[in-house]
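Enquirer: Structure for the following, please:
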Amino acid sequence: MTHFEQFYADVPAEQRERLAAFRQTHPAQRITLDGIPWEYIACGSGTSMILWLVGGLRVADAAYRSIPLMEDQFRIIAPTYPLLRSMNALCDGLAALLDSQGVERAHILSGSFGGMVAQAFVRRHPSRVDRVVLSTTTVLDAQAVERYRQQAAMIAAAPPELALESSKAYFVQMIAPPDDERAFWTAYVDELFSERLNKDDLLSTVACMLDFAEHVPLAPDDLVNWPGRMLIIESDDDATFDADARARLRALYPAARVHTFAAGGHSPATTQRDAFFALVRQFFSEM
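Expert: Below you'll find the predicted structure:
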């Protein structure tokens with residue numbers, strides 16, 4: 001039995017085979033940019049490009065169910081985040097990745113941690129961005145910053161095995177998948193933190209979040225000269241970013257369109273997939 005079969009032994013065959021097929025048809029590509037190794041998925045067709053920024057799971061194929069819903073109409077580049085500790089470095093790497101694909105300007109589809117990356121990117125490279133979807137993300141207040149500082153200290157002090165095992169339960173709880181997908185996401189996260197990510201990846205995510213909070217200036221008039229459009233997608237029961245966190249994001253972008261899912265949880269792209277991507281497709285396509 002392969003490692004893949006071991007991790008997904010208790011997952012319904014259709015779900016297991018869908019992931020295996022996606023990995024076969026969407027293999028990771030590799031490139032070195034300014035000395036930093038990057039992995040990414042490039043696929044799709046059309047005249048517009050989506051830069052697809054996943055959340056704290058960090059890897060491009062975390063969007064394996066979602067990318068096929070958009071690739072018939074859009075070109076897509078979905079990066080796996082490398083081990084960087086600053087938002088500027090991450091954003092500059094993403095710009096270089098777009099350059100490598102011959103893309104001057106792209107839409108951004110982002111969620112959670114990816115939404116923080118997107119907010120930093122549109123400020124650092126505004127001419128590279130057409131439209132932005134910020135899904136279930138936030139800007140961090142002082143209380144959140146302190147919480148993430150404590151989290152970083154705990155991860156740094158923990159043995160690698162303990163840090164990774166704790167992360168498995170944390171991320172399954174955060175995704176809060178529908179009952180019929182819980183076995184899959186439990187297996188996926190188990191594989192991810194057993195085979196593909198390590199403690200340094202966890203520290204990289206938290207370091208970039210803290211850097212975003214402490215070194216990326218944010219104000220409601222930051223993007224007044226940016227000609228693009230923004231859509232904020234939130235859920236009324238997001239347990240990761242509460243009502244105050246969601247309100248901070250909306251206040252920062254007064255010109256943004258806002259769509260609120262009822263009972264979508266932290267990942268409406270998973271829990272209400274069809275409605276979520278119909279909304280995104282319409283936003284990226286409208287004149």
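
Enquirer: is it true that Pro79 lies in a helix?
Expert: No. With DSSP: H, G, I helix; E, B strand; the rest coil as the criterion, Pro79 is located in strand rather than a helix.

Enquirer: That one: what's it in contact with?
Expert: Applying C-beta atoms under 8 Å, 6 or more residues apart in numbering to Pro79 gives the contacts 38-40, 51-53, 60, 94, 97. From N, CA and C alone the C-beta is placed, and that goes for glycine too.

Enquirer: quick check, nearest of those residues to Val11?
Expert: Distance to Val11 across the contacts of Pro79 (C-beta to C-beta) is lowest for Ala60, with 20.1 Å.

Enquirer: any idea of the pLDDT on Ile76?
Expert: Listed pLDDT for Ile76 reads 98.

Enquirer: What number of residues are in the vicinity of it?
Expert: Other residues near Ile76 number 28, with proximity taken as other C-beta atoms under 10 Å.

Enquirer: Pull the distance from the helix or strand containing it to the chain's centre.
Expert: Per DSSP states H and E, Ile76 falls inside strand 75-80. Going by C-alpha atoms, centre = their mean, to the nearest Å, the spacing between the C-alpha centre of strand 75-80 and its chain's C-alpha centre is 11 Å.

Enquirer: one step back: tell me which of the contacts of Pro79 is nearest to Met70?
Expert: When the contacts of Pro79 are compared for distance to Met70, the smallest value, 8.3 Å, is given by Trp52; criterion: C-beta to C-beta.

Enquirer: Ends of stretch 127-142, what's the gap?
Expert: 30 Å (C-alpha to C-alpha, to the nearest Å).

Enquirer: circling back to that earlier point, return the member of the contacts of Pro79 nearest to Leu140.
Expert: For these, the minimum distance to Leu140 (C-beta to C-beta) is 17.0 Å, reached by Leu53.

Enquirer: Hmm, Leu109 and that closest one touching each other?
Expert: Yes. Checked against C-beta atoms under 8 Å, the pair Leu53 and Leu109 is within contact range at 7.0 Å.

Enquirer: who's more crowded, these two?
Expert: Leu109 (32 against 29).

Enquirer: Over to the more buried one: give its phi and psi.
Expert: Main-chain torsions, Leu109, degrees, to the nearest 10: phi -110, psi 120.

Enquirer: beta partners of it?
Expert: With DSSP bridges applied, Leu109 shows beta-bridge pairing to Trp52, Val133.

Enquirer: Can you read off the pLDDT for it?
Expert: In this prediction Leu109 is given a pLDDT of 98.

Enquirer: Contacts only, for it.
Expert: Going by C-beta under 8 Å, 6+ apart, Leu109 touches 50-53, 70, 133, 135, 280, 284.

Enquirer: for those residues, which one is nearest Ala263?
Expert: The shortest separation between Ala263 and any of the contacts of Leu109 is 15.4 Å, and it belongs to Ser135 (by C-beta to C-beta).

Enquirer: Now Thr205: closest residue in space that isn't a chain neighbour?
Expert: Beyond its immediate neighbours in the sequence, the residue positioned closest to Thr205 (C-beta to C-beta, 6 or more residues apart in numbering) is Gly56, lying 5.5 Å away.
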